[in-house]
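> Predicted model and sequence follow; I will ask about them next.
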Amino acid sequence: MIGPDPLTSGGAAGGLTNYGHALLPGEGAAMAAFVQDGKRIPRRGEIGLTSDEIQTFEDSGYVMSGSRHRRMEAVRLRKENQIYNADEKRALANFNQEERSKRENKIMGSFRELIYNKTKNKN
């Protein structure tokens, strides 16, 4: 094979994805990894604990540090929403691209059939 290998993942070049502004470098990708795994995004003071451990502590009655400060909670919600919005936009773009290619293939098929019928009638 000549040239670079084709991309195998659906991500952007180099694995970098734009999750919007106001996120630290790598923060958006780390948060997106939790979202993709279906896990809760850890808050400040919860780093190093698994989602199950955090849930166990909260069920026992502990109040985790990120849950009691309104400003911190607002920042966390805004950042999480940026991640969810970026993922939704990416999914919508992929869906639109698939629909566009299906529509294009259907049109190309009808053109091929039309050309085939025209050339068959001339012979």
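That came through, no problem.
> shaky segments in this protein?
The chain contains residues with pLDDT under 70 at 1-4, 6-22, 44-45, 64-69, 72, 123.
> Centre-most residue in it?
With distances taken as Cα atoms, centre = their mean, the residue of the chain nearest its centroid is residue 87 (3.1 Å).
> any idea which element that one lies in?
Taking DSSP states H and E as the criterion, residue 87 maps to helix 70-122.
> packing partners for that helix?
Counting contacts by 3 or more Cβ pairs under 8 Å, 6 or more residues apart in numbering; DSSP states H and E, helix 70-122 packs against helix 27-36. Just so you know, the C-beta spots here come from the backbone N, C-alpha and C atoms, and that holds for glycine as well.
> From residue 63, how far out is the closest residue to residue 84 other than its chain neighbours?
Leaving aside its sequence neighbours, residue 84 sits nearest to residue 35 (Cβ to Cβ, 6 or more residues apart in numbering; 6.9 Å). Separation of residue 35 from residue 63 (Cβ to Cβ, to the nearest Å) stands at 24 Å.
> These two: which has the busier surroundings?
Neighbour count, other Cβ atoms under 10 Å: between residue 35 and residue 63, residue 35 has more, with 15 against 9.
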